[in-house]
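**Student:** need a structure here:
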Amino acid sequence: MKIVAQKVFIANVSRTNFVFVKLYTDDGIEGVGEATLEWKTRTVVSALEELERVLIGRDPFAVDAIIEKLHRDSYWRTGAVFRTALGAIEAALLDIKGKALGVPVFELLGGKFREHVDCYANHWFFGATTPDEYAAKARAGVAMGYKALKWDPFDVADLEMDRKQRRQTIEIVEAVRDAVGPDVNLMLDVHGRLNVPTAIAMCKALAPFDLTWIEEPTPPESIDALADVRAHSPVPIAAGERFYEPGKFLEALSKKAVDILQPDVSHAGGMGETKRIAHMAHSHLIPVAPHNPVGPVMNAMTLHMSVAIPNFSVFETVSVDVPWRKELVRETLQFRDGTILAPTAPGLGVELIEEACARFPYEATNVPLFDGSMNTTGVATGAQTLSGGTEN
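**Tutor:** Modelled structure (predicted):
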């Protein structure tokens with residue numbers, strides 16, 4: 001079997017653009033991967049296109065050898081753009097191999113540790129701006145079957161927060177906790193927007209609401225800053241979505257900067273690399289909760305990796321998305337009572353509908369963290385939910 005072609009597909013989903021890659025073989029077996037890199041769409045597409053000439057004619061079963069060659073021959077060897085492209089190519093190769101052998105991809109990663117993964121909801125909050133609106137959205141999220149919710153209530157924070165911003169954040173978190181009761185896990189995402197003293201102050205102020213974690217409280221450049229926050233925070237600290245080199249994860253673990261590690265299967269360079277990072281964390285007795293807020297192929301990639309690691313904690317899901325998300329793929333996902341069952345189909349268990357992508361062409365989008373649009377952009381009335389219904 002040989003790789004004979006590669007194609008890249010883009011599908012806009014309002015908040016960002018999904019990027020998918022397909023590899024085609026002379027045996028007719030196709031493999032798909034996802035290289036969505038938020039707000040860097042055209043850049044990652046170019047990276048994928050540059051890798052095509054190296055892939056043509058290769059045996060897709062030689063997954064590790066191909067990935068190592070691409071890594072070596074990139075010369076620069078690192079960066080979120082390159083490693084995201086690499087992760088998508090690896091997924092497509094494993095998808096082909098799994099289909100050819102008739103086994104799910106997790107079997108190629110060493111086999112499964114669990115029959116299902118516990119999930120938490122992201123994106124459940126779209127459209128909410130006031131504490132009461134957040135409370136109503138949270139109740140709807142729990143009604144979908146979720147036992148854990150994550151969101152960013154930090155408004156337009158940029159390193160510091162004034163008294164009004166701090167009070168608003170606290171009131172939103174209090175409203176959500178009151179709405180869902182004590183048995184639902186709540187996680188807060190800061191998206192790396194606070195300096196050290198502000199992050200520590202907010203962790204202490206939010207501790208009474210029994211949070212599962214506060215995520216990425218400081219910008220990702222400084223592990224020392226993250227470690228400082230963790231040392232003074234009464235709330236567990238999660239981070240890792242913007243680490244993409246194994247050495248960065250090792251530094252975070254060695255400096256005791258995290259309670260929960262959050263590698264992104266795509267941005268860290270693929271399922272194989274992420275599994276190695278997870279085992280690194282396991283040697284420090286640190287759980288892994290993978291970053292997974294984008295498209296359906298990435299969801300499948302993350303699911304297979306999550307099934308195949310010993311120290312998996314909880315699975316991030318896009319609980320509510322644009323109505324056309326489900327038009328882009330055929331998938332075998334089974335969501336039950338706040339969990340997703342381990343896949344059973346050969347390969348990744350998801351098939352890209354190529355012609356559907358053309359109906360949702362690329363659109364430029366801005367990073368919404370500092371303009372107040374974070375919680376109001378991206379999902380329209382009638383949006384699809386992971387459980388198969390719609391949100392109005």
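
**Student:** would you map the helices across the stretch 151-300 of the chain?
**Tutor:** Assigned by DSSP state H, counting those that start in this stretch, the stretch 151-300 of the chain shows helices spanning 163-180, 196-206, 223-232, 246-254, 271-283, 296-307.

**Student:** quick one, the first one and helix 196-206 angle?
**Tutor:** Meaning helix 163-180. For helix 163-180 against helix 196-206, the angle by axes from the mean of the first three to the mean of the last three Cα atoms, to 10 degrees is 40 degrees.

**Student:** any idea of the mean pLDDT for helix 163-180?
**Tutor:** Here helix 163-180 scores 98 as its mean pLDDT.

**Student:** elements contacting the strand or helix carrying residue 32?
**Tutor:** Secondary structure from DSSP states H and E places residue 32 in strand 30-34. Secondary structure elements in contact with strand 30-34, counted by 3 or more Cβ pairs under 8 Å, 6 or more residues apart in numbering; DSSP states H and E, are strand 17-25, helix 80-101, helix 296-307, strand 350-352. Placement of C-beta: from N, CA and C, glycine included.

**Student:** out of the ones you listed, which is the most enclosed?
**Tutor:** Highest mean neighbour count of those: helix 296-307, a mean of 28 (counted as mean count of other Cβ atoms under 10 Å).

**Student:** which helix or strand lies directly C-terminal to it?
**Tutor:** In N-to-C order, the element after helix 296-307 by DSSP H and E is strand 315-318.

**Student:** so how far is residue 254 from residue 281?
**Tutor:** Per Cβ to Cβ, to the nearest Å, residue 281 is found 11 Å from residue 254.

**Student:** now do the strands in the stretch 1-150 of the chain.
**Tutor:** Here the stretch 1-150 of the chain has its strands, by DSSP state E, counting those that start in this stretch, at 3-12, 17-25, 30-34, 116-122, 148-151.

**Student:** hmm, back to that, can I get the helices of the stretch 151-300 of the chain in CSV including distance to residue 186?
**Tutor:** As requested, the helices of the stretch 151-300 of the chain are exported to CSV (distance: least, Cβ to Cβ, whole Å):
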stretch, distance to residue 186
helix 163-180, 6
helix 196-206, 10
helix 223-232, 19
helix 246-254, 23
helix 271-283, 23
helix 296-307, 21
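
**Student:** looking at these, which is closest to residue 345?
**Tutor:** Across these, residue 345 has its closest neighbour in helix 296-307 (9.6 Å, Cβ to Cβ).

**Student:** which ones are touching the closest residue to residue 236 other than its chain neighbours?
**Tutor:** Excluding its sequence neighbours, the residue lying closest to residue 236 (Cβ to Cβ, 6 or more residues apart in numbering) is residue 259, at 3.8 Å. Neighbour list for residue 259: 213, 230, 236, 237, 238, 286 [criterion: Cβ atoms under 8 Å, 6 or more residues apart in numbering].

**Student:** try it again at 10 Å.
**Tutor:** 212, 213, 214, 230, 233, 235, 236, 237, 238, 239, 286, 287 (Cβ atoms under 10 Å, 6 or more residues apart in numbering).

**Student:** pull out the buried positions in stretch 181-189.
**Tutor:** 184, 185, 186, 187, 188, 189 (16 or more other Cβ atoms under 10 Å).

**Student:** the helices and strands packed on strand 30-34: which one's closest to residue 144?
**Tutor:** helix 296-307 (15.9 Å).

**Student:** what mean pLDDT does the closest one get?
**Tutor:** 97.

**Student:** what about it, distance to the chain center?
**Tutor:** Relative to the chain's own centre, helix 296-307 is displaced by 9 Å; criterion: Cα atoms, centre = their mean, to the nearest Å.

**Student:** cool, stretch 45-64 as well?
**Tutor:** Offset of stretch 45-64 from its chain centre (Cα atoms, centre = their mean): 24 Å.

**Student:** what do you get for stretch 218-227?
**Tutor:** 20 Å.

**Student:** ends of that stretch, what's the gap?
**Tutor:** By Cα to Cα, to the nearest Å, the extent of stretch 218-227 from end to end equals 10 Å.

**Student:** try stretch 309-325
**Tutor:** 28 Å.

**Student:** got the buried residues for it?
**Tutor:** 309, 311-322, 324-325.

**Student:** ditto for stretch 239-258
**Tutor:** The neighbour-count check on stretch 239-258 (16+ other Cβ under 10 Å) flags 239-246, 248-253, 257-258 as buried.

**Student:** if we can go back for a sec, need the buried residues of stretch 181-189 in CSV (columns: pLDDT and distance to residue 78).
**Tutor:** What follows is these, written out as CSV (pLDDT from 0 to 100; distance: Cβ to Cβ, whole Å):
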residue, pLDDT, distance to residue 78
184, 98, 38
185, 98, 34
186, 98, 34
187, 98, 29
188, 98, 30
189, 98, 25
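
**Student:** quick check, nearest of those residues to residue 79?
**Tutor:** residue 189 (23.4 Å).

**Student:** for that closest one, give me its contacts.
**Tutor:** If you count contacts by Cβ under 10 Å, 6+ apart, residue 189 has them with 122, 150-154, 213-217, 238, 241, 293, 374.

**Student:** ok, of these, which one's closest to residue 350?
**Tutor:** Nearest to residue 350 among those, with distances taken as Cβ to Cβ, is residue 293, at 16.8 Å.

**Student:** quick one: residues contacting the closest one.
**Tutor:** The contact partners of residue 293, by Cβ under 10 Å, 6+ apart, come to 15-16, 36, 38, 122-123, 150, 189, 241, 264, 299, 302, 316-318.

**Student:** where does pLDDT dip in this protein?
**Tutor:** Along the chain, the parts satisfying pLDDT under 70 run over 372-392.
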